[in-house]
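Novice: generate coordinates for the sequence data below:
(chains A and B)
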Amino acid sequence: MSGANTGSLADLQRAFQDYVLQSGDGFTGAVRDTTKADRTTLLDVYRDGYALRLIEVLTIDYPGVLAMAGAADFDHMARAYIAAHPSRHPNARWVGRHLAEFLASTPPYDGSPAAVEMARFEWALGEAFDSPDREPVGADAIMSVPPEAWETISFAPLPSLRRLAFAFDVPTSWQRREEVEPGALEVAALAEPVEWVIWRPELMTNFRSLEADEAAMLEALIAGRPFPALCEALLEHVEEDQAPARAAGLLRSWVEEGMIGAFSH
Amino acid sequence: MNDIGFGLGLRHEHYEEIVETPGKVSWFEALSENYMVEGGMPLHWLDRFRRDYPIALHGVSMSIGSIDPLDQDYLRDLKRLIERVQPLWVSDHLCFTGLRGINLHDLLPLPYTEEALDHVAERVMRVQDHLGRRLVLENVSSYVTYAASELTEWEFIAALAQRADCEVLLDVNNVFVSAFNHEFDPKDFLRGIPRERVRQFHLAGHTNNGSHIVDTHDHPIVAGVWELYAEAVRLFPGVPTMIERDANIPPYAELLAELDVARGIAAEATRQAVEPRAAAE
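Specialist: Modelled structure (predicted):
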C-alpha cells in the first residue's frame, strides 16, 4: 500500500486486515516501533492471535476430529481451513461450519473419509445444542387424534433433529474421544452404512442409530408426508400387512423419545 | 445507576457454582454473542440467572469502527436479546473487527483521526437510534500505534462520547496495557475521560512479554492495575466494577475473592476521595 502512514481510514483498515490474514505486509508502514518493541513483533500479536483464536474454536467444536488427527496435524489442518474459509459471521460459534465440506474436498484430508464423517457428526451435535427450543409432542396429543384423521395426518420433527448416514463407526468412536491420546482415536469402517439420528428434546442432545426401515420412515416423516405414505416407506423392509403396525410402533417410540415437534391433519 | 456494585463475567464454567452459592455478586456481565442463538442450554441458563441478577450485555462483534456497513442482522439479533434480557446497559468495543464481510474475531484499534471520529460517531448514533438506548463503548487494549493518529486515545474517546452522546466502559486493565505498549501515562488517560460518561469499569489480568503486554484475561489482576483502579475510583466514584476472565478460568470462589479485593480497594479509594473534600468543607 502506498502512503499507508497517511492513508484514509479505509486504506488503513484494509491494510491492517491484509496483514492479519497474511495477504499483505503494507500495514507495517502505517505503524510505529516503540522503544521496547519493533512494529513487526507488535503486529504479529494480531496475526498470531487471529489463527490461535479460531483454532481454539475449532478445537472446542471438533474434539473427535482432534482425537483422530492429533494436536499437530489438527493445528495444520485448522490453519488451512481458516485460510480457505475465513469467518463471515459475527459469532465465532459459526467458524467451523464448513469443516466437513472442506475436509471432503481438500487434499490430503479427502483421503480420510472417517474424519469427514466425524466432522459432520460433531457439527450436527453443535447445531442441535442451540437449535430453536420446541416442546416435543406428547403421547396424549397423538392418542386424541380421531381415527379418520390418520389418512391425512403428517408430522414435523423437532428443529434440532438431524439424520446422518455413516460408513464408519463414528458416534461410538466419538464417545471414546477423551479416553485416548490425541491422534490415537481409531474409527473403523462398517460392513454397511448405518443411519443415525441426533435430536434435543429438552436441553441435552441425544443420538442413536436407526434400523433400516426406521430410517426410511423417518425420511418420509421429515419430508412431511402423511401417515399412509410413512407406512409405504416401510414396504422395502416389511410385509405390506405388517407395515401399519410397524409404523404405529415406530411413531410411538419417536413420540416417547421426544423427537416429534408438531403434527397436523 | 451508580449503586449497582460489583459483578463478574457470566461464564459457563461457573454456572453450577453460581447456583450453589447465590448472592455473592450484585450483577453479571454476559457476552452478547454467546446468547445470540436460537435456543438450548445457553439461553436456558441466561434466563435462569436473569431471574436472580441484573445483567449487562457486552458484545465483541458490533465492529462499530469498521468501514463495512453496519451488520443489520447482527443488530436485529442484538435487539432481540436486549428485549429478552432487559439489561442494565449494552456495551461493545471501540474498534473494528473486520471488513469486506470477514470477521477476524479480534478487537483491532482505530487510528485516532478526525476522519475516524466522524465515521464512528455517525455509526454510534445510528446504532443508538436502532436500539433505542445509549451504547457503552470500551477502550481496547492495543499493540500498535498508528503513525496517522492525530489525537490521543482519551481525546478520541472523550470527543466521541460528547459527539455521539454515548457512554464509556473504562477497562482499567486495557488502559494499563495500552499505556505500557504505547508509552503514555495511564493517569493522563483516566484524567482525559469525562467523569459523567463512565458507566462501568472492567478489570482483568494480562500477559507481560517484557517488550509488550497482551490482554489475555487468563491471569489474576496485577498490582499495577489495582493501583490504577484505585485512581480510577477516586476520579469516577461509585462506578460499577466487574472482573473479566476468559481463559485459564479458575473456580468461581477464586474470582469472588479477587472481587473482594476490588471491593476493598474501591472502599479505601472512595474514603480517600471523600475525606479531603470533607476536610475542605
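
Novice: near chain A, which residues of the stretch 151-281 of chain B are found?
Specialist: The interface of the stretch 151-281 of chain B toward chain A, taken as C-beta under 8 Å from any C-beta of the partner chain, is made up of B:181-183, B:210-212, B:214. (C-beta placed from N, C-alpha, C; glycine too.)

Novice: who wins for neighbours among these?
Specialist: Highest neighbour count within these, by other C-beta atoms under 10 Å in any protein chain shown: residue B:181, with 23 neighbours.

Novice: which residues touch it?
Specialist: Contact partners of residue B:181, counting by C-beta atoms under 8 Å, 6 or more residues apart in numbering or on different chains, are A:34, A:37, A:42, B:141-143, B:145, B:212-213.

Novice: re earlier: any idea which of the residues of the stretch 151-281 of chain B next to chain A is closest to chain A?
Specialist: Closest to chain A out of those is residue B:211 (3.9 Å), distances taken as C-beta to the nearest C-beta.

Novice: picking up where we left off before, mind checking which of the residues of the stretch 151-281 of chain B next to chain A land in strands?
Specialist: In strands, defined here by DSSP state E, the members of those are residue B:214.

Novice: residue A:21: which of the residues of the stretch 151-281 of chain B next to chain A is nearest?
Specialist: residue B:214 (19.7 Å; C-beta to C-beta).

Novice: gap between the closest one and residue B:5?
Specialist: 30 Å (C-beta to C-beta, to the nearest Å).

Novice: which parts of the stretch 151-281 of chain B are helices?
Specialist: Assigned by DSSP state H, counting those that start in this stretch, the stretch 151-281 of chain B shows helices spanning B:153-164, B:172-182, B:186-192, B:223-235, B:252-280.

Novice: looking at these, spot the one closest to residue A:252.
Specialist: That would be helix B:252-280 among the helices of the stretch 151-281 of chain B, by C-beta to C-beta, at 43.9 Å.

Novice: now the angle from that closest one to helix B:223-235?
Specialist: For helix B:252-280 against helix B:223-235, the angle by axes from the mean of the first three to the mean of the last three C-alpha atoms, to 10 degrees is 40 degrees.

Novice: buried residues of helix B:252-280, list them for me.
Specialist: Residues of helix B:252-280 classed as buried by neighbour count (16 or more other C-beta atoms under 10 Å in any protein chain shown): B:252, B:255-256, B:258-259, B:262, B:265-266, B:269.

Novice: mind putting those into CSV with pLDDT?
Specialist: Compiled in CSV, the buried residues of helix B:252-280 are given as follows (pLDDT from 0 to 100):
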residue, pLDDT
B:252, 97
B:255, 97
B:256, 98
B:258, 98
B:259, 98
B:262, 98
B:265, 97
B:266, 97
B:269, 94
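
Novice: turn these into TSV, columns for distance to residue B:42.
Specialist: Output for the buried residues of helix B:252-280, formatted as TSV (distance: C-beta to C-beta, whole Å):
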residue	distance to residue B:42
B:252	18
B:255	20
B:256	23
B:258	25
B:259	24
B:262	27
B:265	33
B:266	31
B:269	36
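
Novice: and the strands in the chain?
Specialist: All of this refers to chain A. Taking DSSP E to define them, one finds strands in chain A at A:154-157, A:162-168, A:189-199, A:206-210, A:260-264.

Novice: other chain: chain B
Specialist: So, for chain B - with DSSP E - the strands run B:6-9, B:27-31, B:55-58, B:90-93, B:135-138, B:167-171, B:198-203, B:207-208, B:213-214, B:241-243.

Novice: could you export those as a markdown table, including distance to residue A:148?
Specialist: Shown next, in a markdown table, are those (distance: least, C-beta to C-beta, whole Å):
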| stretch | distance to residue A:148 |
| --- | --- |
| strand B:6-9 | 57 |
| strand B:27-31 | 50 |
| strand B:55-58 | 51 |
| strand B:90-93 | 54 |
| strand B:135-138 | 58 |
| strand B:167-171 | 63 |
| strand B:198-203 | 62 |
| strand B:207-208 | 70 |
| strand B:213-214 | 70 |
| strand B:241-243 | 61 |
